[in-house]
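Novice: Quick one: sequence plus predicted model below, questions after.
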Amino acid sequence: MALGYKRRIYEILEATDPEDALGRRVNLFIMVLILLNVAAVVLESEEAINARYGPLFDAFGFFTIIAFTVEYVLRLWVSDLDPGRPDPIGGRLRFTLSPLAIIDLAVILPYYLPIVFPDLRFLRGVRVFWLLRLFEMGRYSESMGTLERVIRAKKEELTVTFLAIIFFLTIASSIIYFLEHDAQPKNFPSIPETMWWGLLTLTTIGYDEIYPVTILGKIVGSMLIILGVGMFALPTGILASGFVEEIQNRAKLRAEETERAKRPPNQSEKLQRGSEDRAIQRARAEAEAKG
């Protein structure tokens with residue numbers, strides 16, 4: 001009986017069945033709670049709003065911590081039912097060290113530390129940790145999950161692009177420093193501080209008070225502006241192509257599932273489908289074990 005309840009809780013929290021109405025409601029509730037907490041963190045930074053609705057924010061924060069704590073404890077309890085973490089002790093340890101579990105712990109743990117350490121003034125702003133739960137939206141939202149899959153699929157291209165941006169930023173900032181330092185020692189005192197100007201220039205934001213005054217500095221600065229337009233367009237294009245590929249793959253899978261559902265499966269198809277399902281489960285288990 002207890003194992004049945006445990007299995008049911010695991011199915012609800014992990015949303016293993018897309019048709020499970022209760023699982024969808026629970027995930028929607030947690031997702032809305034995360035978004036409301038982010039809104040609360042933003043709104044309470046306004047002194048007038050915080051002075052008027054401070055007690056309401058505190059009450060909502062208390063309710064949120066209780067909800068997040070219950071969710072974390074339940075996820076820890078059922079983590080050994082995950083195919084990638086079958087060992088009760090090792091599985092729970094791997095769950096605790098997973099990125100999403102660390103975020104959960106970073107959100108809830110600071111609120112329990114004052115029980116042991118009464119004077120923790122530096123934890124007054126711990127509510128900002130709630131913003132970290134935005135990184136977990138892929139766990140509850142299919143749309144955010146799509147974004148996560150696209151980033152993972154294009155991680156090599158994105159990594160190369162950002163490394164190229166850092167490379168060009170470093171080279172251009174170093175050149176500007178050597179060209180402008182003697183003419184403007186206060187505006188370009190070092191290469192790291194010049195890189196701040198270079199980053200603003202690459203993003204075409206600009207810095208009105210700091211700009212090159214030498215001829216060569218102006219030429220390099222102009223080239224940096226033109227280069228920035230293309231460099232920062234690359235990640236956008238990579239993500240856009242990734243979204244198109246993901247949408248096409250999902251449409252293809254839906255079409256195959258629809259066509260397969262229309263045909264009565266024979267024995268060989270049943271065996272093939274079973275082997276495919278087992279292969280998918282093994283792949284997921286290996287991926288989660290590596291993560």
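Specialist: That came through fine.
Novice: What residues of the helix or strand harbouring Arg260 count as buried?
Specialist: Per DSSP states H and E, Arg260 falls inside helix 233-262. The neighbour-count check on helix 233-262 (16 or more other Cβ atoms under 10 Å) flags Leu234, Ile238, Leu239, Gly242, Glu246 as buried. Backbone N, C-alpha and C define where each C-beta goes, glycine included.
Novice: Need those residues in TSV (columns: pLDDT and distance to Tyr112).
Specialist: Formatted as TSV, those follow (pLDDT from 0 to 100; distance: Cβ to Cβ, whole Å):
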residue	pLDDT	distance to Tyr112
Leu234	85	44
Ile238	89	42
Leu239	87	39
Gly242	88	40
Glu246	83	40
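Novice: would a markdown table of those with distance to Ser222 be doable?
Specialist: Converted to a markdown table, the buried residues of helix 233-262 look like this (distance: Cβ to Cβ, whole Å):
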| residue | distance to Ser222 |
| --- | --- |
| Leu234 | 20 |
| Ile238 | 26 |
| Leu239 | 28 |
| Gly242 | 32 |
| Glu246 | 38 |
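Novice: now, among these, which is nearest to Ile215?
Specialist: Ile215 lies nearest to Leu234 out of the buried residues of helix 233-262, by Cβ to Cβ, at 29.9 Å.
Novice: So that closest one versus Leu13, what's the distance?
Specialist: 38 Å (Cβ to Cβ, to the nearest Å).
Novice: Going along the chain, name the helices of this structure.
Specialist: Taking DSSP state H, the helices of the chain run over residues 2-14, 21-43, 47-78, 88-96, 99-108, 113-116, 137-140, 142-153, 155-180, 191-202, 215-231, 233-262, 267-290.
Novice: Between these, which one is closest to Leu131.
Specialist: helix 21-43 (6.0 Å).
Novice: Which strands or helices does that closest one pack on?
Specialist: The contact analysis (3 or more Cβ pairs under 8 Å, 6 or more residues apart in numbering; DSSP states H and E) places helix 21-43 against helix 2-14, helix 47-78, helix 137-140.
Novice: ok, and which of the ones you listed has the densest surroundings?
Specialist: For the helices and strands packed on helix 21-43, the largest average neighbour count (mean count of other Cβ atoms under 10 Å) is found in helix 137-140, namely a mean of 18.
Novice: So this protein: which segments form each domain?
Specialist: Per automatic domain parsing, the structural domains of the chain span 2-140, 142-291.
Novice: Isn't Phe95 up against Arg75?
Specialist: Yes: contact status for Phe95 versus Arg75: in contact at 7.1 Å, counting by Cβ atoms under 8 Å.
Novice: Residues that sit against both of the two, list them.
Specialist: Common neighbours of Phe95 and Arg75, using Cβ atoms under 8 Å, 6 or more residues apart in numbering, are Ala101.
Novice: Look at stretch 189-209 and report the distance between its end residues.
Specialist: 14 Å (Cα to Cα, to the nearest Å).
Novice: Quick one: mean pLDDT over stretch 215-232.
Specialist: Averaging pLDDT along stretch 215-232 gives 84.
Novice: Find out how far that stretch is from the centre of the chain, if you would.
Specialist: With Cα atoms, centre = their mean, to the nearest Å as the basis, stretch 215-232 stands 32 Å off its chain's centre.
Novice: ok, residues contacting it?
Specialist: Contacts of stretch 215-232 (Cβ under 8 Å, 6+ apart): 161, 164-165, 168, 172, 175-176, 179-180, 183, 198, 201-204, 211-212.
Novice: Only alpha carbons, please: show it as PDB.
Specialist: Provided in PDB are the C-alpha atoms of stretch 215-232 (Å, rounded to 0.1, in the frame of the first residue of the first chain):
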ATOM      1  CA  ILE A 215      42.200  58.400 -35.100                       C
ATOM      2  CA  LEU A 216      43.200  54.800 -34.800                       C
ATOM      3  CA  GLY A 217      41.000  54.400 -31.700                       C
ATOM      4  CA  LYS A 218      38.000  55.700 -33.600                       C
ATOM      5  CA  ILE A 219      38.700  53.300 -36.400                       C
ATOM      6  CA  VAL A 220      39.000  50.300 -34.100                       C
ATOM      7  CA  GLY A 221      35.900  51.500 -32.200                       C
ATOM      8  CA  SER A 222      33.900  51.700 -35.400                       C
ATOM      9  CA  MET A 223      35.000  48.300 -36.500                       C
ATOM     10  CA  LEU A 224      34.000  47.000 -33.000                       C
ATOM     11  CA  ILE A 225      30.500  48.400 -33.400                       C
ATOM     12  CA  ILE A 226      30.000  46.800 -36.800                       C
ATOM     13  CA  LEU A 227      31.400  43.500 -35.500                       C
ATOM     14  CA  GLY A 228      29.100  43.600 -32.500                       C
ATOM     15  CA  VAL A 229      25.900  43.700 -34.700                       C
ATOM     16  CA  GLY A 230      27.000  40.400 -36.300                       C
ATOM     17  CA  MET A 231      28.400  38.700 -33.300                       C
ATOM     18  CA  PHE A 232      25.400  39.100 -31.100                       C
END
